[in-house]
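Colleague: model this:
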Amino acid sequence: MQDTIAERELIGIRNDGEKVLLRLRIGRPYPASDIDWACPVAVDGLHKRLADQHGVDSFQSLALAQALCRKLLEGFVKDGGTILSADGTSPVDLNELFESGI
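Modeller: Residues are numbered from 1 along each chain as shown. So this is what the prediction gives:
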């Protein structure tokens, strides 16, 4: 990803106890064609390559990229994994990570 606009590092602990660095990255949305936009997204540590997320405009493609990050982390937890802060000291609540609480 060439133009990362948002990034978060976390520690994942797989259900077998293996620790893995999870690096969430979202890139700058770009016009993919005359009718849609795309937004690069990566969840390093879980997936080697993810497809850019396409939407009708830059806003939707960005929202879809963030939603994909959330779904992949939720799946990791559902499979028995644990997600910790980057320093490994505290659990991460996915609702707090992805929602503003407004």
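
Colleague: thought residue 20 was touching residue 12?
Modeller: Yes. Look at residue 20 against residue 12 with Cβ atoms under 8 Å: they come within range, at 4.7 Å. For every residue, glycine as well, the C-beta is placed using N, CA and C.

Colleague: which neighbours do these two have in common?
Modeller: 45, 46 (Cβ atoms under 8 Å, 6 or more residues apart in numbering).

Colleague: these two: who's more crowded?
Modeller: residue 12 (20 against 15; other Cβ atoms under 10 Å).

Colleague: each with direction, which strands does the helix or strand harbouring the more buried one pair with?
Modeller: Residue 12 is part of strand 4-13, with elements assigned from DSSP states H and E. Strand 4-13 has its sheet partners listed here by DSSP bridges as strand 19-27 (antiparallel), strand 82-84 (antiparallel).

Colleague: reformat those strands as JSON lines; add mean pLDDT and distance to residue 61.
Modeller: Shown next, in JSON lines, are those (pLDDT from 0 to 100; distance: least, Cβ to Cβ, whole Å):
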{"stretch": "strand 19-27", "mean pLDDT": "98", "distance to residue 61": "10"}
{"stretch": "strand 82-84", "mean pLDDT": "97", "distance to residue 61": "25"}
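
Colleague: and the strands in this structure?
Modeller: 4-13, 19-27, 30-31, 37-39, 41-44, 53-55, 82-84 (DSSP state E).
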